[in-house]
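> I would like to see how this sequence folds:
(one chain, ligands or ions: 2)
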Amino acid sequence: MKEKTPRQIVELLDKYIVGQDEAKKLVAIALYNRYRRSQLPEDLQKDITPKNILMAGPTGVGKTEIARRLADIVEAPFVKVEATKFTEVGYVGRDVESMVRDLANEAVRIVEKEEFAKVEGQALREANKTLVRLLVPGVKTNNRQNQMQQMQAMMDSLLSGKGMPEEQEEVTDEVRNKRLSVAEKLERGLLENEEVTIEVEQANKVNPMGDMMGQMGMDMSALSDLMPKKKVKRTLPVSQARKLLIQEEEHKLVDYDAIYQKAIERASQSGIIFIDEIDKITAAGQRNSGEVSREGVQRDILPIIEGSTVSTKYGPLPTDHILFIAAGAFAESKPSDLIPELQGRFPIRVELNALKKEDFVKILKDPQNSLLKQYIALLKADGVDLVFTAEAVDKIAEIAYDVNQGTDNIGARRLATILEKLLEEVLYEGPDMEMGQITITQAYVEQKLSDIVKNKDLTKFIL
Ligand SMILES: Nc1ncnc2c1ncn2[C@@H]1O[C@H](COP(=O)(O)OP(=O)(O)OP(=O)(O)O)[C@@H](O)[C@H]1O
Ligand SMILES: [Mg+2]
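Numbering: from 1, shown residues only. Ligands and ions are numbered 1, 2, ... in the order given. Purely as a prediction, here's the structure:
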């Protein structure tokens, strides 16, 4: 696995996020530093702790978006949590340590996938063998017993309480030959739609207690792993049955102890935890003394960021080298409202900029799957080509900017509400219009939106 350089990480982020260069750059450096550190002698590695990052900036300018995209880009275990979801230890709700347990789960998922890939070939061979056996079953020897013998067997099983003995299968020469030819057909992909009946493990139903226990800070998943899984019979086409059989084989072929150990190592050395909405746990916004103490939550988070060991179901996970990235709008509070110890844990600060009209133009057009591209694709499904003129896009951005200035500044989220209003009619009539192409011009934008924009009260409700 080739490590992505900071420049490459920024290039990938550029595909989705407009501007915010400083934030992208710092995040990329922090990620790459993990790799740099891993190249050093071990005793030096121990002393180099990650430089955690705090991103601040107005609402709707891309903080969460950066985190989301980062999750796709990095191969390291990554989780994103919302600070507001946590409560102080001892209260009903999620305790802060659960973020570390989530990271461990994520790491296990990644390592498991890697290990599965290694045994893929073997699993496929085994699955195909099983399919042949299912397609050409052996001759059931039990059927040859006379009724008397069957009765006897039933009585025995009742008395011993062991259940009926499993049906024996005998592989006769005839069966063997048939299997050979079926195996060959299977290989050539001729039997993909043939139906077979397989036994699959039914995932344990989520039990209602689990949720309650979870809120009480207890991890029930370990318990549900212990409970025997119910097997159910399902009849499926070969192509689908094979997928399930491969999964089953993969689980059998990998060594889970090794996976868990590797995952814990991976999470502790290169894990990243993104804590969103951190500004919401400052005391500044707290009105009601009856609420769970937010400072309490901060104090609980502190040891995790500082470095402590959290027990997970895969083993103890030290948090010293996990990279933390926190983000918040800090509208009603400032980073300095966080408890001092916590502030000190985020030495790298980056301010995200408010978005200007030009940024809006780019956000509308440029990112992969940008808003305009989404609407164009949606109408394509009706067989309609939706086209926006450059002037129209400019006008939309201008209106978004003006509305943000005039009422609340909600950043790029404004674009979504404006577009929805603008395209209301097109989305409604689209399928019936039977027009090859619909062009959104500046005049159309003005006609649809200018009345609303002029009327402040109306804007507040509609846009
Ligand atoms: N710089 C940007 N480039 C591209 N899209 C953006 C940008 N900023 C915001 N957006 C879009 O606006 C929406 C809201 O952005 P995001 O969720 O990142 O806001 P935020 O900064 O986390 O705000 P909050 O403080 O309210 O959580 C997203 O859907 C995103 O696609
Ligand atoms: Mg956000």
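> drop to CA atoms for contacts and neighbour counts, all remaining ones
Fine.
> share the number of residues neighbouring the one residue in the stretch 201-350 of the chain that gets nearest to ligand 1, please.
Nearest residue of the stretch 201-350 of the chain to ligand 1: Ala329, at 4.2 Å (Cα to the nearest ligand atom). Applying other Cα atoms under 10 Å, we find 23 residues neighbouring Ala329.
> could you pull up phi and psi at it?
The phi/psi pair for Ala329 (degrees, to the nearest 10) reads phi -80, psi -30.
> same thing with Tyr401?
phi -60, psi -50.
> show me the contacts for the residue nearest to it when sequence neighbours are not counted.
Closest residue to Tyr401 apart from its sequence neighbours, by Cα to Cα, 6 or more residues apart in numbering: Lys357 at 5.7 Å. Going by Cα atoms under 8 Å, 6 or more residues apart in numbering, Lys357 touches Ala397, Glu398, Ala400, Tyr401.
> please compute how far the helix or strand harbouring the first one lies from its chain's middle.
Spelled out, it's Ala397. Assigning secondary structure by DSSP states H and E places Ala397 in helix 390-406. Taking Cα atoms, centre = their mean, to the nearest Å, the mean C-alpha location of helix 390-406 is offset from the chain mean by 33 Å.
> that helix and ligand 1 in contact?
No: on the criterion Cα under 6 Å from any ligand atom, helix 390-406 is out of touch with ligand 1, staying 12.2 Å away.
> what's downstream of that helix, the next helix or strand?
Per DSSP H and E, the first helix or strand lying C-terminal to helix 390-406 is helix 413-422.
> for that following helix, name the packing helices and strands.
Counting contacts by 3 or more Cα pairs under 8 Å, 6 or more residues apart in numbering; DSSP states H and E, helix 413-422 packs against helix 390-406, helix 442-454.
> C-alpha coordinates for it, PDB please?
The C-alpha trace of helix 413-422 is given here as PDB (Å, rounded to 0.1, in the frame of the first residue of the first chain):
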ATOM      1  CA  ARG A 413     -26.500  24.900   2.700                       C
ATOM      2  CA  ARG A 414     -28.400  27.900   1.300                       C
ATOM      3  CA  LEU A 415     -27.700  26.700  -2.200                       C
ATOM      4  CA  ALA A 416     -29.700  23.500  -1.600                       C
ATOM      5  CA  THR A 417     -32.800  25.400  -0.500                       C
ATOM      6  CA  ILE A 418     -32.600  27.900  -3.300                       C
ATOM      7  CA  LEU A 419     -32.200  25.200  -6.000                       C
ATOM      8  CA  GLU A 420     -35.100  23.300  -4.600                       C
ATOM      9  CA  LYS A 421     -37.300  26.300  -4.900                       C
ATOM     10  CA  LEU A 422     -36.000  27.300  -8.300                       C
END
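> tell me the buried residues in it?
Applying a neighbour-count criterion of 16 or more other Cα atoms under 10 Å, one finds Arg414, Leu415, Ile418, Leu419, Lys421, Leu422 buried in helix 413-422.
> helices and strands of the chain: which one bottoms out on pLDDT?
helix 208-215 (a mean of 51; mean pLDDT, DSSP states H and E).
> who's in contact with the residue in the stretch 351-463 of the chain that ligand 1 sits nearest to?
Relative to ligand 1, the nearest point of the stretch 351-463 of the chain is Ala412 (4.2 Å; Cα to the nearest ligand atom). For Ala412, the contact set (Cα under 8 Å, 6+ apart) comprises Gly60, Val61, Leu355, Phe360, Ile363.
> please enumerate the strands of the stretch 101-250 of the chain.
139-140, 169-170, 195-202, 230-237 (DSSP state E, counting those that start in this stretch).
> how is this protein carved up into domains?
Listed by the TED database, the domain ranges of the chain are 6-109+262-351, 357-448.
> what's the end-to-end length of the first one?
When you say that, I think you mean domain 6-109+262-351. 19 Å (Cα to Cα, to the nearest Å).
> ok, now the shortest one?
Taking Cα to Cα as the measure, domain 357-448 stretches 19 Å from start to finish.
> do stretch 308-321 as well
10 Å.
> give the buried residues for that stretch.
Thr309, Val310, Thr312, Tyr314, Pro316, Leu317, Pro318, Thr319, Asp320, His321.
> kindly report the same for stretch 354-373.
354-355, 357, 359-367, 370-373.
> give me every residue in this protein lying close to ligand 1.
Selection of the chain residues close to ligand 1 by Cα under 6 Å from any ligand atom yields 16-19, 58-65, 328-329, 363, 412-413.
> what sits closest to Val182 if chain neighbours are left out?
Spatially, and ignoring its direct neighbours in sequence, Val182 is nearest to Val132 (6.5 Å; Cα to Cα, 6+ apart).
> just to be sure, Ile438 is in a helix?
No: Ile438: not assigned to a helix; according to DSSP: H, G, I helix; E, B strand; the rest coil it is strand.
> quick one: it and Val384 touch, right?
Yes: counting by Cα atoms under 8 Å, Ile438 touches Val384, with 7.0 Å between them.
> so for those two, which sits in the more crowded spot?
Under the neighbour definition other Cα under 10 Å, Ile438 and Val384 were set side by side, and Val384 has more, 20 against 15.
> so that one touches Asp432, yeah?
No: counting by Cα under 8 Å, Val384 stays clear of Asp432, with 10.2 Å between them.
> so where's the protein uncertain?
Counting by pLDDT under 70, the chain shows low-confidence ranges at 1, 88-93, 141-147, 157, 160-168, 203-229, 284-293, 435, 455-463.
> pull the longest helix from it.
For the chain, the helix that runs over the most residues, judged by DSSP state H, is helix 98-135.
> name the helices or strands packed onto that helix?
Helix 98-135 packs on strand 78-82, helix 173-187, strand 195-202, helix 238-253, helix 256-270, strand 272-276, strand 309-312, going by 3+ Cα pairs under 8 Å, 6+ apart.
> and the next element down the chain from the shortest one?
Spelled out, it's strand 309-312. Next element after strand 309-312 (DSSP H and E): strand 315-318.
> next, the angle from the helix or strand just after that next one to strand 78-82.
Per DSSP H and E, the first helix or strand lying C-terminal to strand 315-318 is strand 323-328. If you take axes from the mean of the first three to the mean of the last three Cα atoms, to 10 degrees, strand 323-328 sits at 30 degrees to strand 78-82.
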